[in-house]
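1. Need coordinates for the following:
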Amino acid sequence: MTQTLEYQPLVLVETENLSRDEWLAYRRRGIGGSDAAAVLGISPFRTGRDLYFDKRGIAVPDDEENWVAKEVGNLLEDLVARIFSKKTGLQVFKRPYMFQHPHYPWMLADLDYLVELPDGTFAILECKTTNYNARDKWWSDGVETVPVYYEAQGRHYMAVVNLSRVYFCCLYSNNEDEVIIRHIDRDMAYEQELIALEDIFWHDHVLAENPPDYTEDGELILESLRRNLGPANTAAPPVVLTPPQSVRVTRFLELQAEKSVWDAEVKALEKEMQRMKALIVADMGTSCTATYEDANGGYMVVHILEKETAYYGTAPQL
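-> You can find the predicted model right below:
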């Protein structure tokens, strides 16, 4: 698949005066940026099958658990944009349209803001909010990053509106200094793969009325089942499993047995570690610290007996 950069996005609809139901109806005409992570199987919020049910307009019970977080994000969007503009000196503005890719009409984009860059070109701004503890998702091994599910969203948007940069501004507390600003630039290899997978999802699943398989982790699948199926019916007759389904039961039992072995080994290791700790404390007597040095370096042991805790750390080599 070859992607040409000589195109302009189409306007599917002006969104400023749409009701929520009308807006949702337009969203169901294709795949939007916030859908991309679910298509790729990397969304922490919903499965590909959840997305399929949404696009098919199949009634799913509302998930009331995180509605406050979603509402806070919507209410603070303009504030986050103002903070971004103040921090960067870049002008931001809205274009209240749902855009459509001219070559792939099922690719849609409903942008938060556009950014005017100093050279007269434009970029996309996505406004995010999170809590203080979740800010760590914007780093990976100490390196600044964009969470993969937001990256997929941004790359989808760049493909639709044919722009080469997306900024993310994430507010994680209640003052302007507690904000994270990141950007990603266009990656055509990623984009082509994304388009190919979205094309399969739209045509082979949504239009073909063929629900995708569950490929996500267990917790997310169980949450999806809870939303889509509701509570179990204790009066329902037993389900007769097919041979392929029985393989899953067999594998579960194998993993359960394997886990039991590992649990026993972990308990044995923890017991031996506790014994070694006790012997170290015995060597230290009434002292709270001990040091050791040899040709390879050294370390310090700290133990506070009164609090029944110990900390073992390495000190810089001398």
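
2. Give the next helix or strand downstream of the helix or strand containing Arg82.
-> Here Arg82 is covered by helix 77-88, with elements defined by DSSP states H and E. Remark: after helix 77-88, the chain's next helix or strand is strand 91-93, criterion DSSP H and E.

3. Low-confidence ranges, the stretch 51-200 of the chain, go.
-> Within the stretch 51-200 of the chain, the stretches with pLDDT under 70 are 59-70, 73.

4. Tyr52 and Asp213 touch, don't they?
-> No: counting by C-beta atoms under 8 Å, Tyr52 does not reach Asp213; the two are 10.5 Å apart. C-beta coordinates here come from the backbone N, C-alpha and C atoms, glycine included.

5. okay, these two: which has more neighbours?
-> Tyr52 (19 against 11; other C-beta atoms under 10 Å).

6. so who does the more buried one touch?
-> Neighbour list for Tyr52: Phe201, His205, Val206, Pro211, Pro212 [criterion: C-beta atoms under 8 Å, 6 or more residues apart in numbering].

7. Quick check: the farthest pair among the residues you listed?
-> Within these, two members stand farthest from each other by C-beta to C-beta: Phe201 and Pro211, at 11.1 Å.

8. Between those two, tell me which one has more neighbours.
-> Each of Phe201 and Pro211 has its neighbours counted (other C-beta under 10 Å); Phe201 has more, 23 against 15.

9. want to throw the contacts of Tyr52 into CSV with pLDDT and distance to Ala290?
-> Shown next, in CSV, are the contacts of Tyr52 (pLDDT from 0 to 100; distance: C-beta to C-beta, whole Å):
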residue, pLDDT, distance to Ala290
Phe201, 98, 60
His205, 98, 62
Val206, 97, 65
Pro211, 96, 61
Pro212, 96, 58
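
10. Same list, those, but as TSV with distance to Ile124 and secondary structure please.
-> Formatted as TSV, those follow (distance: C-beta to C-beta, whole Å; DSSP: H, G, I helix; E, B strand; the rest coil):
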residue	distance to Ile124	secondary structure
Phe201	22	helix
His205	27	helix
Val206	25	helix
Pro211	31	coil
Pro212	28	coil
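
11. and Val302, helix, strand or coil?
-> Secondary structure assignment for Val302 (DSSP: H, G, I helix; E, B strand; the rest coil): strand.

12. Correct me if wrong: it contacts Thr291.
-> No: look at Val302 against Thr291 with C-beta under 8 Å: they stay out of range, at 10.2 Å.

13. More neighbours: which of those two?
-> The residue with more neighbours, out of Val302 and Thr291, is Val302; 13 against 9, by other C-beta under 10 Å.

14. And the more buried one, how far from Glu270?
-> 20 Å (C-beta to C-beta, to the nearest Å).

15. export stretch 288-304 as PDB, just CAs?
-> Extracted C-alpha coordinates of stretch 288-304, given in PDB (Å, rounded to 0.1, in the frame of the first residue of the first chain):
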ATOM      1  CA  CYS A 288      21.900  -0.800  62.300                       C
ATOM      2  CA  THR A 289      24.500  -0.800  59.500                       C
ATOM      3  CA  ALA A 290      27.200  -3.000  58.000                       C
ATOM      4  CA  THR A 291      29.700  -2.400  55.200                       C
ATOM      5  CA  TYR A 292      31.700  -4.700  52.900                       C
ATOM      6  CA  GLU A 293      34.500  -4.000  50.500                       C
ATOM      7  CA  ASP A 294      36.600  -6.000  48.200                       C
ATOM      8  CA  ALA A 295      38.500  -5.600  44.900                       C
ATOM      9  CA  ASN A 296      35.200  -5.500  43.000                       C
ATOM     10  CA  GLY A 297      33.600  -2.700  45.000                       C
ATOM     11  CA  GLY A 298      31.400  -2.500  48.100                       C
ATOM     12  CA  TYR A 299      28.000  -2.200  49.600                       C
ATOM     13  CA  MET A 300      26.100  -1.200  52.700                       C
ATOM     14  CA  VAL A 301      23.500  -3.100  54.600                       C
ATOM     15  CA  VAL A 302      20.900  -1.100  56.700                       C
ATOM     16  CA  HIS A 303      18.600  -2.800  59.100                       C
ATOM     17  CA  ILE A 304      16.200  -1.100  61.600                       C
END
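
16. buried set for it?
-> For stretch 288-304, the neighbour count (16 or more other C-beta atoms under 10 Å) marks Val301, His303 as buried.

17. Averaged pLDDT, that stretch. What do you get?
-> For stretch 288-304, the mean per-residue pLDDT is 86.

18. mind checking how far it is from the chain centre?
-> Chain-centre distance of stretch 288-304: 41 Å, with C-alpha atoms, centre = their mean, to the nearest Å.

19. do stretch 266-280 as well
-> The answer for stretch 266-280 is 38 Å, by C-alpha atoms, centre = their mean.

20. and if you look at stretch 173-180?
-> A distance of 21 Å separates the centroid of the chain from that of stretch 173-180, by C-alpha atoms, centre = their mean.

21. Stretch 179-197 now?
-> Mean-position distance between stretch 179-197 and its chain equals 14 Å (C-alpha atoms, centre = their mean).
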